[in-house]
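Chemist: The amino acid sequence is not available; the structure is as follows:
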């Protein structure tokens, strides 16, 4: 076991993605072994039924080293994404916490540089690297603006797509994914994705982690929003990158029941976020329109 306190705690939520989780853990351990600091990996399994539990029981004994400790929390029921991650936060000992999806492969990460960057910029509340999809395009969820009424309208009306590469217009119509920024440079954003979400343990304790009103989707956006409200910065740091296989246990799975339940959570999360952060800023008829639109989208998409 790691005798010195870990600098980094990595929390991975696992749900019916056994083989991908295994591959993700292997690449993670290989990359952490090259670092100058100690780390711990906390895997929270949300009652997987695909052999993940058996795999994890063996995994922590086989892969633990002097530098890396591994803990598995095996839930008897699926408690959702926020609550599962909060279980990890509760036992994390690192100065930094990284929320990492179980379908993210970390090959090109300069861990030491990233943590040095966080050390020297104490006002950074959260940071993400360049999260790439298998086709090498950016996973847009890692580079987000807030879903204000205007940003959501321009995105869903297709205006962001049309103006994506047009200077000035992309600043006006591309606020949902901040399309006017140079994606190869470090800069501030409004929100990042829970696929790779690096933050500080003290901050998570102050904010009480994720809001458990969400079940899945929206909770990372909400956490980023609260981190900024608390006076900290959210940083997009593309000097390192990870590969996100995406949709392995969510929206694009082949299982019809999983798909419809997931879609319900997705649109429900939009309502929770809007109610929590925007409803009080607008008159009743605007709010009614927003909720009508979300319900409409949930039925047609």
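Modeler: Good, I have the coordinates. Keep in mind the model is a prediction, meaning the values are calculated, not measured.
Chemist: Give me the below-cutoff pLDDT ranges for the protein.
Modeler: Within the chain, the ranges that satisfy pLDDT under 70 run 1-3, 247-255.
Chemist: ends of stretch 168-179, how far apart?
Modeler: Chord length of stretch 168-179, first to last residue, is 10 Å (C-alpha to C-alpha, to the nearest Å).
Chemist: quick one: buried residues of that stretch?
Modeler: Neighbour counts over stretch 168-179 (16 or more other C-beta atoms under 10 Å) mark 169, 170, 173, 174, 175, 176, 177, 178, 179 as buried. Placement of C-beta: from N, CA and C, glycine included.
Chemist: and the fifth one, what does it touch?
Modeler: Right, the one you point to is residue 175. By C-beta atoms under 8 Å, 6 or more residues apart in numbering, the contact set of residue 175 is 145, 146, 148, 150, 151, 154, 160.
Chemist: Hmm, the first one is touching residue 178, no?
Modeler: Which is residue 145. Yes: between residue 145 and residue 178 there is a contact under C-beta atoms under 8 Å: 4.8 Å.
Chemist: how about the strands of the stretch 101-250 of the chain, start to end?
Modeler: For the stretch 101-250 of the chain, strands defined by DSSP state E, counting those that start in this stretch occupy the ranges 104-108, 124-132, 187-188, 196-200, 233-244.
Chemist: can you put those in CSV and add mean neighbour count and distance to residue 211?
Modeler: Listed next are these as CSV, based on neighbours: other C-beta atoms under 10 Å; distance: least, C-beta to C-beta, whole Å:
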stretch, mean neighbour count, distance to residue 211
strand 104-108, 17, 22
strand 124-132, 23, 15
strand 187-188, 13, 23
strand 196-200, 24, 14
strand 233-244, 20, 17
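Chemist: Out of the ones you listed, flag the one nearest residue 227.
Modeler: The minimum distance between residue 227 and the strands of the stretch 101-250 of the chain falls on strand 124-132, with 3.9 Å, by C-beta to C-beta.
Chemist: who does the closest one touch, helix- and strand-wise?
Modeler: Applying 3 or more C-beta pairs under 8 Å, 6 or more residues apart in numbering; DSSP states H and E, one finds that strand 124-132 contacts helix 111-120, strand 196-200, helix 219-229, strand 233-244.
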